[in-house]
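>>> Curious how this folds, go ahead:
(one chain, ligands or ions: 1)
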Amino acid sequence: MVAYFCSEFAITEHLPIYSGGLGVLAGDHLKSASDLGLPMVALGLAYHHGYFAQTLDDEGRQVAGPDPNVWSMRPVERLEGPDGTPITVSIHIEGRLVHVGVIQAWVGSTRLLLLDTDLPENDERDRGITASLYGGDSEMRIRQEIVLGIGGVRALRALDIPVTVFHMNEGHSAFLVLERLRELTVAGERFDEALATVRSSSVFTTHTPVPAGFDIFSPEQIQRHLGWLSAEPGITAEDWIPLGGTPDDPRSERGFNMALLALRGAKHLNGVSQLHAEVSRGMWSELFPERPVDDVPIIGITNGIHVPTWAGRGVQALMDRYLDEPWIWSGAEDPTWQKVESIPSTELFAARWGGRRALVGLAENHGFELNPDALTIGFARRFATYKRATLLLTDRERLRALLKNPDRPVQLVFAGKAHPRDVPGQGFLAEIVALSRDPEFAGHVAFIPGYDMAVGRVMVQGADVWLNTPRRPKEASGTSGMKVCINGGLNLSILDGWWVEGYEPGRGFAIGQGELYEDVEVADRTEAESLYRVLEEQVVPLFYDRAANGVPEGWVSQMRRSIAELTPTFSTHRMVREYGERLYEVAAEASR
Ligand SMILES: *Cc1c(COP(=O)(O)O)cnc(C)c1O
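Numbering: from 1, shown residues only. Okay, the predicted model is just below:
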């Protein structure tokens, strides 16, 4: 039994407890675990507000409103004991006893346990710990992470779920390491033995190549919130405090880093693409001074997506007709994928029209009139600045010429949220919205507010081209581009994250050649130039090079390769099998 811990889960848009890619990956992981029969229980937090509801004001600026999660209207149940009282566990936070309840959702046959502090028996200050996702300051963060890591382990014990392997998906849940150490030392194990036991049965997946992406708490915060741990039998401050410090800061005086705690508390480590694993080995090599960088034990398991969640109905029906069942679960080696060749081009291209029409309809609901026959480029993701949503806007003249060619029209559909504290990200968003409202670009640019799984689904099913412009190597993997493959969209992306592995000429397009730049301005200028050139010289001509029956044969042959070669590889079925074989089984064996 694997216990999978994460701070967010995107299961469905009707359960708003996610903000972006980390949550989507976690949700798709649980779905594939269920499909494959892998025994797994997941732990997260029962947020009472989702990330935020996005609207736009008259100036085109983002307005972040509340997104209340009405638990009584969700397909979930609060876990109760035999006597009908809610099951709770408790944790000390700042000298108060905080009670934590458990809300359970089923994801197929996988249980998702969501921890909830909004209970009448709690102090008002503590009821709000699970109020919102990534909404609070560092104080709120540490409390949430204590509830997730320590409360999560205690909930598993209270529910008597026998866990073999603990998986920390990103560092937010790393306090579980401390709780498991405490359990073992209280039971009489020596600290070093306890650490070996915990390490051998723990998996840690890191998701960012950016050091600023990790939570770091001050010594004062750690002492105030977790000082009680040092009074427990068999464990002292000298034992556990160093677990969160850099090697040259054994008392964690410069901060207690959750990623370091996870890296020291887990023996089985991975990054989320091959490039990201390589970057991570370099980032963390000082923790493994006895090893050369290439031997740092962080393996790469490239992300995937849950194909049945993201494939459009029209495409699914087409595949059902021409491929062998159950194609949707089939791996890359399964010959059924070769049958994509047997689908007539007219039918395959007509399926694109269905998806594009739905996307044009969604844009229409938001006041944009688009063309259901025009080459449609989609871009939807968080407006983090490294993702460079505005790269395509650098040269307005060239953009105008590209979009408004009457014989070969092109349209752009954008969506995405900027974190309410990310001022530059909100600037990028305002620039996109302004373009979508510029009469000169009318009919060619749309911005869909409220990016969530539902908007994402329509966009990945409707776009002909999926644009991805991160500053290399900051996109650890990226998953939205994987969702377009089964739907017949082609990727146009910087060679970063998963696309380093997915790209080959003839099954999508590359921006640049995987260069690394010292100077961001040079990178932006050079890569914008490459982006325009690929669009002008490759993408647009290929899409509009039509046979007598109106089908672009060259384009459709790229679609076939993208569907058949990328879908089964970048799926969570392949990914979860890999976690099973390369990490979970190894950890289970080591812990035995
Ligand atoms: C897939 C998805 C993401 C992740 O997309 P990236 O390409 O990794 O940025 C984020 N949000 C939603 C709603 C998604 O569906």
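>>> give the contact list for the residue of the stretch 301-450 of the chain at minimum distance from the ligand.
Nearest residue of the stretch 301-450 of the chain to the ligand: residue 381, at 3.5 Å (Cβ to the nearest ligand atom). (C-beta placed from N, C-alpha, C; glycine too.) Applying Cβ atoms under 8 Å, 6 or more residues apart in numbering, one finds that residue 381 lies in contact with 20-21, 387, 389, 416, 451, 468, 478, 480.
>>> Can you tell me which of those is nearest residue 563?
The nearest member of these to residue 563, counting by Cβ to Cβ, is residue 480 at 16.6 Å.
>>> Leaving out chain neighbours, which residue sits closest to that closest one?
Spatial nearest neighbour of residue 480, chain neighbours left out: residue 381 (5.9 Å); criterion: Cβ to Cβ, 6 or more residues apart in numbering.
>>> just residue 441 next, same as before
Distance criterion Cβ to Cβ, 6+ apart; nearest residue to residue 441, sequence neighbours excluded, is residue 435 at 5.7 Å.
>>> and the one you found, how many neighbours?
When counting by other Cβ atoms under 10 Å, one arrives at 22 neighbours for residue 435.
>>> any idea which helix or strand carries it?
Residue 435 belongs to helix 423-437 when elements are defined using DSSP states H and E.
>>> Buried residues, that helix. List them.
Of the residues in helix 423-437, 425-426, 428-430, 432-437 count as buried by neighbour count, 16 or more other Cβ atoms under 10 Å.
>>> what's it packed up against?
Applying 3 or more Cβ pairs under 8 Å, 6 or more residues apart in numbering; DSSP states H and E, one finds that helix 423-437 contacts strand 62-65, strand 445-448.
>>> follow-up on the earlier one: could you redo the buried residues of helix 423-437 as CSV and give each row pLDDT?
Listed next are the buried residues of helix 423-437 as CSV, based on pLDDT from 0 to 100:
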residue, pLDDT
425, 96
426, 96
428, 97
429, 97
430, 97
432, 97
433, 98
434, 97
435, 98
436, 98
437, 98
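>>> going on from the longest strand anywhere in the chain, what's the next piece of helix or strand?
Longest strand in the chain by number of residues (criterion: DSSP state E): strand 96-107. For strand 96-107, the succeeding helix or strand toward the C-terminus, using DSSP H and E, is strand 110-116.
>>> Tell me which residues are up against that following strand.
By Cβ under 8 Å, 6+ apart, the list of residues contacting strand 110-116 from outside reads 9, 11, 17, 30-31, 33-34, 40-46, 76, 78-79, 100-106, 130, 147-148, 151-152, 155-156, 159.
>>> Just give the strands next to that strand in its sheet, each with its orientation.
strand 40-45 (parallel), strand 96-107 (antiparallel) (DSSP bridges).
>>> and of those, who's closest to residue 573?
With distances scored as Cβ to Cβ, the stretch of the strands paired with strand 110-116 nearest to residue 573 is strand 40-45 (14.1 Å).
>>> any idea of the mean pLDDT in the helix or strand just after the closest one?
With elements assigned by DSSP H and E, the helix or strand that comes after strand 40-45 is strand 53-56. For strand 53-56, the mean pLDDT works out to 96.
>>> Pull out the buried positions in strand 53-56.
Within strand 53-56, the residues scored as buried using 16+ other Cβ under 10 Å are 53-54, 56.
>>> residues in the stretch 451-592 of the chain within reach of the ligand, list them.
Those residues of the stretch 451-592 of the chain that sit near the ligand, judged by Cβ under 6 Å from any ligand atom, are 451-453, 456, 478-480, 483.
>>> What about those, which are in helices?
Those of these mapping onto helices are 453, 456, 480, 483, per DSSP state H.
>>> So which of those is surrounded by the most neighbours?
residue 483 (27 neighbours).
>>> who touches it in this structure?
With contact set as Cβ under 8 Å, 6+ apart, residue 483 has these partners: 305, 310, 456, 460.
>>> Same check on residue 271?
Taking Cβ under 8 Å, 6+ apart, one finds 205-206, 277-280, 298-301, 476 in contact with residue 271.
>>> which stretch of helix or strand covers the closest residue to it other than its chain neighbours?
Here the nearest residue to residue 271 in space, its sequence neighbours aside, is residue 277; by Cβ to Cβ, 6+ apart that works out to 3.5 Å. Element membership of residue 277, judged by DSSP H and E, is helix 274-283.
>>> Is that helix positioned near the ligand?
No - against the ligand, helix 274-283 shows no contacts by Cβ under 6 Å from any ligand atom, the least distance being 12.0 Å.
>>> list the helices and strands that helix packs on?
In this structure, helix 274-283 packs against strand 268-271, strand 298-300, helix 499-502, with contacts taken as 3+ Cβ pairs under 8 Å, 6+ apart.
>>> so how far is whichever helix or strand comes after the shortest one off the chain centroid?
If I follow you right, that is strand 298-300. Scanning the chain past strand 298-300 towards its C-terminal end, the next helix or strand to appear is helix 307-310 (assignment: DSSP H and E). Taking Cα atoms, centre = their mean, to the nearest Å, the mean C-alpha location of helix 307-310 is offset from the chain mean by 15 Å.
>>> likewise stretch 581-592?
In terms of Cα atoms, centre = their mean, the centre of stretch 581-592 is found 24 Å from the chain centre.
>>> now swap in stretch 532-552 and tell me
On the basis of Cα atoms, centre = their mean, stretch 532-552 is displaced by 32 Å from the centre of the chain it belongs to.
>>> Endpoint to endpoint, that stretch covers what distance?
End-to-end distance of stretch 532-552: 21 Å, with Cα to Cα, to the nearest Å as the criterion.
>>> Any idea how many residues pack against residue 554?
Here the count is done by other Cβ under 10 Å, and residue 554 has 14 residues near it.
>>> Over the helix or strand containing it, what's the mean pLDDT, rounded is fine.
Assigned by DSSP H and E, residue 554 belongs to helix 553-561. On average, the pLDDT along helix 553-561 is 98.
>>> same deal with stretch 142-157?
Stretch 142-157 carries an average pLDDT of 98.
>>> Show me what whichever helix or strand residue 589 is part of is packed up against.
Using DSSP H and E, the secondary-structure element containing residue 589 is helix 585-591. Helix 585-591 sits against strand 165-169, helix 191-200, strand 268-271, with contacts defined as 3+ Cβ pairs under 8 Å, 6+ apart.
>>> Could you list the alpha-carbon positions for that helix in PDB?
Taking C-alpha atoms only, helix 585-591 is exported to PDB below (Å, rounded to 0.1, in the frame of the first residue of the first chain):
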ATOM      1  CA  GLU A 585       8.600  -2.000  -5.400                       C
ATOM      2  CA  VAL A 586      12.200  -1.000  -4.500                       C
ATOM      3  CA  ALA A 587      11.000   0.900  -1.400                       C
ATOM      4  CA  ALA A 588       8.700  -1.900  -0.300                       C
ATOM      5  CA  GLU A 589      11.500  -4.400  -0.700                       C
ATOM      6  CA  ALA A 590      14.000  -2.200   1.200                       C
ATOM      7  CA  SER A 591      11.600  -1.600   4.000                       C
END
